[in-house]
Structure formats: C-alpha cells, structure tokens
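Need coordinates for the below:
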Amino acid sequence: MRLSSLADYAVVMMTASARHCGVSGRLNATLVAGETGIPLPTVQKLVSRLSAAGLIESTRGTGGGFRLSRPPATITLADIVEAIEGPIAMTACVDAGKHDCAIEAECQVKPHWNAVNGAVRGALAGVSLAQLSSGATHGHA
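Numbers count the residues shown, from 1 in each chain. Predicted coordinates for the structure are as follows:
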C-alpha cells in the first residue's frame with residue numbers, strides 16, 4: 001500500500017501544524033508552504049479538504065488562517081489519510097460501489113478483507129499526530 005502524494009503532503013502539513021499549535025495558534029498557507037516545501041496551491045487544497053473533514057478550522061480574511069480543530073494526541077494518521085483518500089480499504093471489492101472483478105462470485109478471500117482492512121486502519125489509528133510531530137517513533141523494541 002502506498003499513499004498518494006496528496007495524502008503524504010497532508011500528513012506533512014498536519015505534522016507542521018501540530019508543531020506550531022501551542023506556539024502561534026493560527027497558521028497560514030504561505031507559512032506552511034514555506035516551511036514544508038509543499039506548493040502553495042496544494043496547501044490551499046489540503047486546507048479545504050482537511051477543514052471539510054473537521055481536522056482543522058480555517059478562517060478567511062485578514063488575521064485568518066487555520067489551526068488544528070482538536071489536540072494532536074486525538075488526531076491519528078488514519079484520520080488524516082481518510083480525510084484525503086476516503087475509507088481505508090486494501091481492495092475495491094469491499095466497497096458498496098461498482099467495481100470490476102472477474103472472480104468475485106467465486107472468491108474465497110473476499111469475506112476476510114474487512115478484517116484485513118480493519119487491521120490496517122487500526123495500525124494507522126495507533127499513530128497520533130502528537131507522536132509524528134514530536135519525532136517519537138511508534139513500535140516495539
């Protein structure tokens with residue numbers, strides 16, 4: 001599984017936002033673009049998507065900008081990825097929508113994909129934005 005570049009940038013942007021959250025309160029897209037190297041139009045697009053997902057609060061106009069909508073310890077990697085990519089699913093066959101699969105009718109694995117997806121989502125949900133922004137590693141020795 002590989003994240004899209006947009007989801008990757010969202011994680012980088014949210015991590016930068018978490019580092020600033022206790023220092024300056026609000027951030028603006030220009031500052032984040034300069035600090036992270038993410039192109040400004042991409043930062044603006046991410047602000048829109050992350051705001052729609054309820055992960056950041058943004059204010060337009062003079063003195064505007066954005067900030068995290070809740071503490072970094074309560075925002076997970078799964079939250080950020082799903083805000084950009086949609087629900088975490090390793091295969092399309094678990095989606096209710098239309099998909100093309102030549103073996104779906106005979107597939108013996110399909111009933112197990114929800115458990116696999118749950119395990120992947122659980123792993124991503126186990127990493128908080130606070131951990132990412134502090135540089136702490138997550139895992140076992």
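
For residue 57, which non-adjacent residue is spatially closest?
Counting by Cβ to Cβ, 6 or more residues apart in numbering, residue 69 is the residue found nearest to residue 57 once chain neighbours are left out, at 4.9 Å. Bear in mind the C-beta positions are built from the backbone N, C-alpha and C, glycine included.

quick one: that neighbour from residue 109, how far?
Summarising the geometry, the distance separating residue 69 from residue 109, computed by Cβ to Cβ, to the nearest Å, is 38 Å.

Show me which of the two is the more surrounded one.
More neighbours sit around residue 69 than around the other of residue 69 and residue 109, counting by other Cβ atoms under 10 Å; the figures are 15 against 10.

I'd say that one and residue 58 touch.
No - here residue 69 lies out of contact with residue 58, judged by Cβ atoms under 8 Å, at a distance of 9.6 Å.

low-scoring stretches of the protein, by residue?
22-25, 94-99, 135-141 (pLDDT under 70).

Mind telling me which residue is nearest the centre of it?
Centroid-nearest residue in the chain: residue 80, 1.6 Å away (criterion: Cα atoms, centre = their mean).

Just confirm that one is within a helix.
Yes - when DSSP: H, G, I helix; E, B strand; the rest coil is applied, residue 80 is found to be in a helix.

show me what contacts it?
Applying Cβ atoms under 8 Å, 6 or more residues apart in numbering, one finds that residue 80 lies in contact with 7, 10-11, 14, 50, 55, 129.
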